[in-house]
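Student: Mind folding the following:
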Amino acid sequence: MSFELLVAALGRFHTTPDSAARYDTDVDAAAALLRTPPEHVVRLTEHGLPFRMDAERGPLFERADLINVGLLCASERTALEIALRFVLAFSTGPSSEWLDPRDWLVTVRLPEGEPGRYQLRVPDFGAPGVAVLPSTGLDLAPRGAQFDTRGHQAALRITGAPGRVRDRRAGDIFREMLADLHARTVVYQCVAEPLRMKHQQAWERGMADCIVVSRVITDRLRAVGLRARARRGYLLGVVGSEHAWSEVFEDGCWKPVDVGLAFIPRRFPGGQDFPETRDFITACFGSRLNRLLPCTGEDAESLVHDTVDCQPRAMFGLVSATPWKA
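Tutor: Predicted coordinates:
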């Protein structure tokens, strides 16, 4: 990995404020994440990458900052960029790629730590389009529960559905927020979990990811009198990831409004505007997609909770999804 590309990435995002940072990633882990020698990570501190010095472990970094370096270095070689390509490749295909039923094996791991320390939110098995498939030999997610403390699996069929939000006020808000992201008035980047939960503060700082976006647009939709909610779960694919979106209640059902997913294919990698992207943007304004699995919880609450320090944690690298055959 070119050190110059890593340095250039530092100017493309806002680093995490100290009030929200968890400096818990050491040099070796950072180097593995960025696919670069450890000495490159250390040198990045000279160019503005925040860190805290630990007497035993050496420099420690906020993981969200490292993820942003990997996503925005434009090398197309880091694990994060490659993962994003896999996750979003479906957006350039026909609408059947987004809507037709798909069977998934979803596996969620616990963060490293002592047994019982973390609580994981479980999938919302009653969500529209989600069906549990017969399976044996899996560490199944508990049915009827809000949380799990072991990690879990689920074999699921997720079926999309076409739709569109008709309310013009929702359309105006959707387009306005997309415009802010395209103009980089607000930079679309990874945001540390504590700041995600202070979404208005993050947006005002000029930084947002899908969780921040989902909570901000939900506030705006409610402010004009619409019934809206933010949802958080997983975006499934060869590489699974955490994701969040908003929903508007209209015509007797909840319709997804997903500014983040509408924006990402045009932003990563390289900002290409694929011919199919416009149809995909339209689908993100009312259609239910076959790769989105919501979890329990309201207003895009954190999916991982640390019961020791009573803090929310991010889901970085803890979810995977593969096609399922019974």
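Student: only C-alpha atoms for contact and neighbour calcs from this point on.
Tutor: Fine.
Student: quick one, phi psi at the residue of the chain most remote from its centre?
Tutor: Centroid-distance maximum for the chain: residue 55 at 33.0 Å, with C-alpha atoms, centre = their mean. When quoted as degrees, to the nearest 10, the phi and psi of residue 55 stand at phi -60, psi -30.
Student: the longest strand in the protein is where?
Tutor: In the chain, taking DSSP state E as the definition, the longest strand is strand 241-250.
Student: Which strands or helices does it pack on?
Tutor: If contacts are counted by 3 or more C-alpha pairs under 8 Å, 6 or more residues apart in numbering; DSSP states H and E, strand 241-250 sits against helix 210-223, strand 228-235, strand 253-257, strand 319-323.
Student: Pick the most buried one from the ones you listed.
Tutor: Mean neighbour count (mean count of other C-alpha atoms under 10 Å) peaks for strand 228-235 among the helices and strands packed on strand 241-250, with a mean of 24.
Student: which residues are contacting it?
Tutor: With C-alpha atoms under 8 Å, 6 or more residues apart in numbering as the test, strand 228-235 has contacts from 87, 123, 211, 214-215, 218, 221-222, 240-249, 291-295, 297-303, 319.
Student: Kindly report the same for stretch 193-208.
Tutor: 13-14, 20-21, 185-191, 211-213, 215-216, 301-302, 311-314.
Student: quick one: contacts for residue 296?
Tutor: Here residue 296 is in contact with 121-124, 146 (C-alpha under 8 Å, 6+ apart).
Student: picking that back up, for ChimeraX, what selects the buried ones among the contacts of strand 228-235?
Tutor: The buried subset of the contacts of strand 228-235, as determined by 16 or more other C-alpha atoms under 10 Å, is captured in ChimeraX by this line:
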select :87,123,211,214,215,218,221,240,241,242,243,244,245,246,247,248,291,292,293,294,295,297,299,300,301,302,303,319
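Student: how far away is residue 154 from residue 320?
Tutor: Distance, residue 154 to residue 320, by C-alpha to C-alpha, to the nearest Å: 11 Å.
Student: Common neighbours of those two, please.
Tutor: Shared contacts of residue 154 and residue 320, counting by C-alpha under 8 Å, 6+ apart, come down to 106-107.
Student: Low-confidence regions, this protein specifically.
Tutor: Residue ranges of the chain with pLDDT under 70: 1, 76-80, 83, 86-88, 238-239, 265-276, 326.
Student: one step back: got the angle between the longest strand of the chain and helix 210-223?
Tutor: Here the directions of strand 241-250 and helix 210-223 differ by 10 degrees (axes from the mean of the first three to the mean of the last three C-alpha atoms, to 10 degrees).
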